[in-house]
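Peer 1: Got a predicted structure plus its sequence, pasted below:
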Amino acid sequence: MSVPVPVALVYTTFPDMETARRIASGLLDRRLVACANLFPGMVAVFRWEGRADAGEEVAAILKTAPDRVEALRDALLAAHPYEVPAFVVFGESAATAAFGGWVVEETRPPADR
């Protein structure tokens, strides 16, 4: 049996699919994520600036290496159109060696390979 590899899962949301794809592609290009799962059609019900509201969003789960979470956070917050974007780290999950190894490899800058 192979040893599990830690992988960090990050939850965020976007206002629409175009924004989600653009930002996710940028994070992928910068090797801050190995994968972004985008879930369109999510309905958010929330309180903002003192009033209840609701609207459609695109939910996303971003997969990265634990040592890339801080850089991912900084890049996502800088690119995100929301004033207060969601950035929730589910923590380190024990992934299979094959999957976790892929995530770690894909989030290494070329100089670190």
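Peer 2: Okay, I see it.

Peer 1: Adjacent strands (with direction) for the least confident helix or strand in the chain by mean pLDDT?
Peer 2: When the helices and strands of the chain are scored by mean pLDDT, DSSP states H and E, strand 88-95 comes last with a mean of 86. Paired neighbours of strand 88-95 in the sheet (DSSP bridges): strand 5-14 (antiparallel).

Peer 1: pull the longest helix from the chain.
Peer 2: helix 17-29 (DSSP state H).

Peer 1: export that helix as PDB, just CAs?
Peer 2: This file holds the C-alpha atoms of helix 17-29, laid out as PDB (Å, rounded to 0.1, in the frame of the first residue of the first chain):
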ATOM      1  CA  MET A  17     -18.400  31.000 -15.500                       C
ATOM      2  CA  GLU A  18     -16.400  33.400 -17.600                       C
ATOM      3  CA  THR A  19     -14.700  34.900 -14.500                       C
ATOM      4  CA  ALA A  20     -14.300  31.400 -13.000                       C
ATOM      5  CA  ARG A  21     -12.600  30.000 -16.100                       C
ATOM      6  CA  ARG A  22     -10.400  33.100 -16.600                       C
ATOM      7  CA  ILE A  23      -9.100  33.100 -13.000                       C
ATOM      8  CA  ALA A  24      -8.800  29.300 -12.700                       C
ATOM      9  CA  SER A  25      -6.800  29.300 -16.000                       C
ATOM     10  CA  GLY A  26      -4.500  32.000 -14.600                       C
ATOM     11  CA  LEU A  27      -3.900  30.000 -11.400                       C
ATOM     12  CA  LEU A  28      -3.200  26.900 -13.500                       C
ATOM     13  CA  ASP A  29      -0.800  28.800 -15.700                       C
END
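
Peer 1: That one - contacts with which helices or strands?
Peer 2: Secondary-structure packing of helix 17-29 (3 or more CB pairs under 8 Å, 6 or more residues apart in numbering; DSSP states H and E): strand 35-48, strand 51-64, helix 69-79. Bear in mind the C-beta positions are built from the backbone N, C-alpha and C, glycine included.
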